[in-house]
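K.L.:
Build me a structure from this.
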Amino acid sequence: MGLWLAMLFSCGSDPDWFGPAPVIPDAVCAPSAAVPAHAGVRAVQVQLYLARGQPAERASAYTQWAAAWWRAHGIELVGAGRWRRTAADPILAGDAARLPADPDAAMTEVVGPLSQAMRRRTPPADQVDVVFLEHLARPGSPASQWFTRLAGLSLSPALLQRSPPDDPAVTLLTALGLDEPFTPTVFLDLSVLDALPQERARFVMAHELGHALGLPHTGEHGNLMGPGFPRCAPALTAAQHSSLRLP
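P.N.:
Take a look at the predicted model:
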């Protein structure tokens with residue numbers, strides 16, 4: 001079992017992870033080619049992991065917001081099983097005093113814990129794993145400086161296939177050296193999410209799930225996959241819907 005993805009114990013209580021989301025008024029925000037919201041037509045199994053010592057209520061609210069957004073845009077998130085506890089170790093590490101001078105070698109060391117964990121996993125059909133950690137990067141490590149305010153990180157075979165070569169996602173996946181198929185996985189940083197205003201934090205998990213389902217970044221503001229943290233309710237384009245096999 002992986003260092004941090006090994007299940008430590010099943011949780012004693014089960015919040016309504018995919019239930020109704022807290023209501024927050026939306027600002028007006030619509031990309032030029034937005035597709036109207038509609039009923040869910042595709043189910044995606046989601047296995048949730050929560051770092052040991054973190055309260056479930058924090059993570060469940062972000063999951064509810066993401067599930068509500070995707071439900072309105074054609075995808076029903078369904079729990080693959082009971083949520084599980086996992087070790088709290090950050091997935092990005094590195095020691096500044098011992099970091100290699102070569103950039104490629106330095107990146108390999110930084111993503112070492114993540115690479116080791118992903119190599120020990122087999123891909124269930126049409127499932128996404130979501131892992132909530134207190135920190136994605138070890139506080140004070142080079143990674144915490146390189147990835148300022150890194151709220152989420154997604155790994156997906158489909159994302160690698162659809163992203164341009166200069167996309168940071170391609171750089172990261174290449175550094176991981178994942179040659180075998182792996183489960184699309186979303187990692188979320190609770191410390192960063194909790195520091196964001198709720199009207200922005202609620203869309204981060206939805207954005208990362210978009211990556212897990214194969215959607216690359218776009219430069220279109222007002223789009224779920226657009227730059228920065230959304231300030232208002234984002235949408236998807238017809239092309240994005242098509243790539244997700246939605247009508």
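
K.L.:
Count the neighbours of S154 for me.
P.N.:
S154: 23 surrounding residues under other Cβ atoms under 10 Å. All C-beta atoms are positioned from the backbone trio N, CA, C, and that covers glycine.

K.L.:
how close does it sit to A66?
P.N.:
12 Å (Cβ to Cβ, to the nearest Å).

K.L.:
Does anything pack onto the helix ranked longest in the chain? Which helices or strands?
P.N.:
Of all segments of type helix in the chain, defined using DSSP state H, the longest is helix 56-72. Applying 3 or more Cβ pairs under 8 Å, 6 or more residues apart in numbering; DSSP states H and E, we find helix 56-72 packed against strand 38-51, strand 73-79, strand 127-133, helix 190-195, helix 204-212.

K.L.:
how many degrees apart are it and helix 204-212 in direction?
P.N.:
Helix 56-72 runs at 60 degrees relative to helix 204-212, counting by axes from the mean of the first three to the mean of the last three Cα atoms, to 10 degrees.

K.L.:
Contacts for helix 56-72 next, please.
P.N.:
11, 13, 15-22, 37-40, 44, 48, 50, 76-77, 83, 130, 132, 188, 190, 193-194, 201-206, 209, 224, 233 (Cβ atoms under 8 Å, 6 or more residues apart in numbering).

K.L.:
any idea how far C232 is from R200?
P.N.:
For R200 relative to C232 (Cβ to Cβ), the value is 9 Å.

K.L.:
go on, R149?
P.N.:
Taking Cβ to Cβ, one finds R149 at 19 Å from C232.

K.L.:
When the two are compared, which one has more neighbours?
P.N.:
A count of neighbours by other Cβ under 10 Å puts C232 above the other of R149 and C232, at 16 against 11.

K.L.:
Tell me who's in contact with the residue most central in space within the chain.
P.N.:
In the chain, the centroid-proximal residue (Cα atoms, centre = their mean) is V186; its distance is 3.1 Å. Listed by Cβ under 8 Å, 6+ apart, the contact set of V186 reads V128, D129, V130, V131, G152, L153, S154, M205, E208, L209, H211, A212.

K.L.:
One more pass at 7 Å, please.
P.N.:
Neighbour list for V186: V128, V130, V131, G152, S154, E208, L209, A212 [criterion: Cβ atoms under 7 Å, 6 or more residues apart in numbering].

K.L.:
can you give me the strands in this protein?
P.N.:
Along the chain, counting by DSSP state E, strands occupy 38-51, 73-79, 84-86, 127-133, 152-155, 185-189.

K.L.:
got TSV for these, with mean pLDDT too?
P.N.:
Formatted as TSV, the strands of the chain follow (pLDDT from 0 to 100):
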stretch	mean pLDDT
strand 38-51	83
strand 73-79	91
strand 84-86	91
strand 127-133	93
strand 152-155	88
strand 185-189	93
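
K.L.:
okay, the ones you listed in CSV with distance to S242 next?
P.N.:
Shown next, in CSV, are the strands of the chain (distance: least, Cβ to Cβ, whole Å):
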stretch, distance to S242
strand 38-51, 13
strand 73-79, 11
strand 84-86, 34
strand 127-133, 20
strand 152-155, 20
strand 185-189, 22
